[in-house]
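[1] below are the sequence and a predicted model; questions follow.
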Amino acid sequence: MLDENRLTELEIKSMHQEKFLEEFSCIVTDQWKSLDEIFKKIDILMRRFSDLEEQSFSKNFIASSFRE
């Protein structure tokens, strides 16, 4: 009887661990999706910033050309 109880306890622990791992996997997957979206937004912002820098440089270059 003792072995049977021990086996039952081990099965219960195993089920709890399996459930935990499934939940943890879902959490990690969701966080990865969030990070991926953040990286995409950062990339878009960096491109926009680069475009603004180029526009500013072009305007400054044109303005300085007229001063000379």
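    Alright, I've got the coordinates. Numbers count the residues shown, from 1 in each chain.
[2] show me where the protein dips below the pLDDT cut-off.
    Scanning the chain for pLDDT under 70 picks out 60-68.
[3] do a quick rundown of the helices in the protein.
    2-67 (DSSP state H).
[4] can you tell me the centre-most residue of it?
    Nearest to the centroid of the C-alpha atoms of the chain, with distances taken as C-alpha atoms, centre = their mean, sits Leu35, at 1.1 Å.
[5] ok, that residue to Leu21 distance?
    Computed with C-beta to C-beta, to the nearest Å, the distance linking Leu35 and Leu21 is 21 Å. Just so you know, the C-beta spots here come from the backbone N, C-alpha and C atoms, and that holds for glycine as well.
[6] next one: Lys13
    For Lys13 relative to Leu21 (C-beta to C-beta), the value is 13 Å.
[7] over to Leu10?
    For Leu10, the distance to Leu21 equals 16 Å [C-beta to C-beta].
[8] for Asp30, same thing?
    From Asp30 to Leu21 the distance is 15 Å (C-beta to C-beta).
[9] next: Phe39.
    In terms of C-beta to C-beta, Phe39 sits 26 Å off from Leu21.
[10] Phe57 too?
    Counting by C-beta to C-beta - Phe57 and Leu21 are separated by 53 Å.
[11] cool, and Asp51?
    Distance from Asp51 to Leu21, by C-beta to C-beta: 45 Å.
[12] ok, now Trp32?
    16 Å.
[13] Met46 too?
    36 Å.
[14] what of Ser58?
    55 Å.
[15] likewise Asp43?
    Counting by C-beta to C-beta, the gap from Asp43 to Leu21 is 32 Å.
[16] what do you get for Glu53?
    Taken as C-beta to C-beta, the span from Glu53 to Leu21 is 47 Å.
[17] same question for Asn5.
    According to C-beta to C-beta, Asn5 stands 25 Å off from Leu21.
[18] got it, and Ile42?
    Taken as C-beta to C-beta, the span from Ile42 to Leu21 is 31 Å.
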